[in-house]
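Chemist: Pasting a predicted model and its sequence here:
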Amino acid sequence: MSDNETYDVCLVGDGSGGKGAAVSAARDGAKTLLIEAPLSLGGTSTWAGVNNYEPAAGATGLPQELYERLAEHPYAESIQRRTASYHPDRPWGIYDRSDHTDYRLTLNRRCGTALTFEPKTTSDATIDSVKEAGVELRPSTRFIQVQTSDKRVQSIDIQGNDFDGRIQAGVFIDSTADIYLARAAGRESAIGVESRNAYDEPIAPEQPESVLNNASLCYRIAPLPPEESLQIDLPPDGIDLDELRPVTSIRTYANGDRNMNPLHLMTGQEAFELGYRAYEESEKRIKAHWHPLQTRYGFERWKMTWVSPMLGIRDTHRLAGEHVLTEHDVETPLEQTENKEVVTFANHGLDFHDSRSSRQLVNGPYGIHFRCLLPREYGNLLVACRGASLSSIGASTCRLSRTMIVLGQAVGTTAALWGDDVKAHDASRLRETFKAGGSE
């Protein structure tokens, strides 16, 4: 059918930030619509195979609620422990299952540990939490175009299996990772590495660079039963195995299978230039990647059982918003931050996956400003995704899934409390609302 509908809040995209924004907006009383192109929900953290939450400060509230939902299901999640570090003779590190069940262990970057989860169960839990909050959910629905006037988003056109028409809303939230809605509305964005003089960041290069954080196609392996013979396939043609870098981050699912995240098979810039062809090329490379792991590094009694249906993209378009999170922000200790717009904090290191030099933060957790989620000028548009207003350096640390959920929580609460004038928000009231809801 073709029709028009009206909502208080309309979200485009259900990645981590979209989930946080949708649930928070609906719980705070807003009539909320969430549209998402795939049939299943969760985005990169589920269907791109990044089935792992890195240790991250500030990941309480909705992220903890999701963990508690998963803990109700057998073999749905596992708090990890490191059992093997990277070594020149062994190009992988492994985290295995532990007996721990205290979620707080995953909140400390220095001595904490990761959390691995089943993608299907996580997607189902996301759908349950969204529906229980009262969000109207439309999967398999695409954003087509946007109508703007007077520095506001007036409506968007969407297309799906059961609806083909126009959506009007008081507030629109872009949680598409590539900020498709914000860019379609003409909002300024950036991509690649900024020059040093852009934000006076000490480790930025003198000139801008077309460099993006590496992309990964994750896959899953399972141990062979004792009665099964080896399953070692020939590698694809056209790839020099001696030139391949089989560096892999390995996490262990609760049932004993392993999640394989190959870190150096495709640069972010290459993925961006290849477009839709990047997935096909990455699939070829992971088959080559798996061959030396089986034949040289002790995985001969394992078999590949699943390849993620989405390519894991870490870095593309980023909003140029009211505040840009830069190296200066992430290196300022939280206790020294005077900005009253801080709505959450994080402490992941500067992580470029070898596209540039990476390192841990020196000064501990830093604050993230709410105005990183606000496009300039527009009064009823917010962004809740890794495409928020971050420099390339800021994005390398801020982009973790659970951090995005919490930023989405800030966006959804703001949309519900302040309606179509989100720029009139009160950050101190936001923080108090978070504390009342269990976020620290």
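Modeler: Everything's here; your move. Residues are numbered from 1 along each chain as shown.

Chemist: contacts and neighbour counts: CA atoms only from here.
Modeler: Will do.

Chemist: Quick check: buried residues in stretch 256-272?
Modeler: 257-269, 271-272 (16 or more other CA atoms under 10 Å).

Chemist: residues near the closest residue to residue 193 other than its chain neighbours, how many?
Modeler: For residue 193, ignoring the flanking residues on the chain, the nearest one in space by CA to CA, 6 or more residues apart in numbering is residue 209 at 5.0 Å. When neighbours are counted by other CA atoms under 10 Å, residue 209 registers 13.

Chemist: residues contacting residue 209?
Modeler: Neighbouring residues of residue 209 by CA atoms under 8 Å, 6 or more residues apart in numbering: 192, 193, 194, 195.

Chemist: Export the residues you listed to TSV and append columns for secondary structure.
Modeler: Below are these laid out as TSV (DSSP: H, G, I helix; E, B strand; the rest coil):
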residue	secondary structure
192	coil
193	strand
194	coil
195	coil
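
Chemist: got the contact list for the longest helix anywhere in the chain?
Modeler: In the chain, with assignment by DSSP state H, the single longest helix is helix 277-296. Under the criterion CA under 8 Å, 6+ apart, residues 216-217, 232-236, 239, 241, 244-246, 262, 265-266, 270-272, 299-302, 310-311 lie in contact with helix 277-296.

Chemist: just checking, which of those residues belong to helices?
Modeler: 270, 271, 272.

Chemist: Residue 215 is in contact with the second one, correct?
Modeler: Yes: under the criterion of CA atoms under 8 Å, residue 271 makes contact with residue 215 at 6.8 Å.

Chemist: hmm, back to that, from the contacts of helix 277-296, list the buried ones, please.
Modeler: Here, 16+ other CA under 10 Å leaves 216-217, 232, 235, 246, 262, 265-266, 271-272, 299-302, 310-311 buried among those.

Chemist: Now, the contacts of helix 277-296 that are in strands?
Modeler: Counting by DSSP state E, those place 262, 302 in strands.

Chemist: Give the buried residues for the strand or helix carrying residue 142.
Modeler: Using DSSP states H and E, residue 142 sits within strand 141-149. For strand 141-149, the neighbour count (16+ other CA under 10 Å) marks 141, 142, 143, 146 as buried.

Chemist: Of these, which pair is most distant in space?
Modeler: 141 and 146 (14.7 Å; CA to CA).

Chemist: Now do the contacts for residue 347.
Modeler: With CA under 8 Å, 6+ apart, residue 347 has these contacts: 56, 57, 109, 330, 361, 364, 365, 366, 397.

Chemist: What number of residues are in the vicinity of the residue nearest to the fifth one when sequence neighbours are not counted?
Modeler: Taking CA to CA, 6+ apart as the measure, residue 361 lies nearest to residue 349, with 5.1 Å between them; neighbours along the chain are not counted. Summarising burial for residue 349: neighbours were counted as other CA under 10 Å, giving 20.

Chemist: Tell me if I'm right that residue 349 and residue 358 touch.
Modeler: Yes: counting by CA under 8 Å, residue 349 touches residue 358, with 7.5 Å between them.

Chemist: Make CSV from the buried residues of strand 141-149 and add distance to residue 29 and pLDDT to it.
Modeler: Formatted as CSV, those follow (distance: CA to CA, whole Å; pLDDT from 0 to 100):
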residue, distance to residue 29, pLDDT
141, 24, 93
142, 25, 93
143, 24, 95
146, 25, 98
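
Chemist: Which parts of the stretch 101-250 of the chain are strands?
Modeler: 115-117, 136-138, 141-149, 152-160, 164-174, 189-190, 219-223, 248-252 (DSSP state E, counting those that start in this stretch).

Chemist: And for the stretch 301-440 of the chain?
Modeler: 302-307, 318-319, 342-346, 366-369, 381-383.

Chemist: Residue 163 is nearest to which of those?
Modeler: Across the strands of the stretch 301-440 of the chain, closest to residue 163 is strand 381-383 (CA to CA), at 22.9 Å.

Chemist: now what about the closest one, what contacts it?
Modeler: Residues contacting strand 381-383 (CA under 8 Å, 6+ apart): 152-153, 171-175, 179, 182, 373-375, 411, 422.

Chemist: and the closest residue to residue 188 other than its chain neighbours, what does it touch?
Modeler: Nearest non-adjacent residue to residue 188, counting by CA to CA, 6+ apart: residue 320, 5.4 Å away. Contact partners of residue 320, counting by CA under 8 Å, 6+ apart, are 187, 188, 189, 190, 375, 376, 388, 389, 390.
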